[in-house]
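**Student:** Quick one, fold the following:
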Amino acid sequence: MTILNRMKTFQLTIARVDMPVFDGPVASVTVPGTAGEMTILAGHVPIVSPLRAGIILIKKDNGEEESIDVESGTMEMSQDHLTILI
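**Tutor:** Got it, this is the predicted structure:
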């Protein structure tokens, strides 16, 4: 069993105005915040932040990774649910 498989997960929802992009449990998410890159893990303190152009890197609990290009957006982490509007 790898360390990643033992990590807690949290819910991630990424949506555009016209359609959902991602919705499911993840181990971590790295986002391009306006103050620099941030990696969010389960149990992260509540935070709201604007996003700049860059790549959102999603690490799923099974070790798979997925990336999504963004031009801008907003993220909110609250009660183990990260919501990103792009």
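**Student:** Work out which residue lies at the spatial centre of the protein.
**Tutor:** Nearest residue to the geometric centre of the chain (CA atoms, centre = their mean): Val29, 3.6 Å.
**Student:** Name every strand pairing with whatever helix or strand Ile14 lives in and say which way it goes.
**Tutor:** Ile14 belongs to strand 10-15 when elements are defined using DSSP states H and E. Each strand paired with strand 10-15, and its direction, by DSSP bridges: strand 20-26 (antiparallel), strand 81-85 (parallel).
**Student:** Lys8 - how many residues pack around it?
**Tutor:** The number of residues packed near Lys8 is 12, by other CB atoms under 10 Å. Using the backbone N, CA and C atoms, a C-beta is placed for each residue, glycine as well.
**Student:** Please read the previous query as pertaining to Gly54.
**Tutor:** Gly54 has 18 neighbours, counted by other CB under 10 Å.
**Student:** Touching, it and Ile68? I think so.
**Tutor:** No - in this structure, Gly54 is not within contact of Ile68 by CB atoms under 8 Å, at 9.9 Å.
**Student:** rewinding a little: separation between the residue lying closest to the residue nearest to the centre of the chain once chain neighbours are set aside and Ser28?
**Tutor:** Computed as CB to CB, 6 or more residues apart in numbering, the closest residue to Val29 that is not its neighbour in sequence is Ile40, at 4.8 Å. Relative to Ser28, Ile40 is positioned 7 Å away (CB to CB, to the nearest Å).
**Student:** Pull the residues that contact stretch 42-59.
**Tutor:** Stretch 42-59 has contacts (CB atoms under 8 Å, 6 or more residues apart in numbering) with 4, 7-10, 12, 14, 22, 26-35, 37-38, 65-80, 82, 84, 86.
**Student:** In contact with Asp80, which residues?
**Tutor:** Contacts for Asp80 (CB under 8 Å, 6+ apart) come out as 10-11, 42-43.
**Student:** Let's see the pLDDT reported for it.
**Tutor:** Among the per-residue scores, Asp80 shows a pLDDT of 96.
**Student:** same thing with Glu66?
**Tutor:** Glu66 carries a pLDDT value of 97.
**Student:** low pLDDT regions in this structure?
**Tutor:** Under the criterion pLDDT under 70, the flagged ranges of the chain are 1-6.
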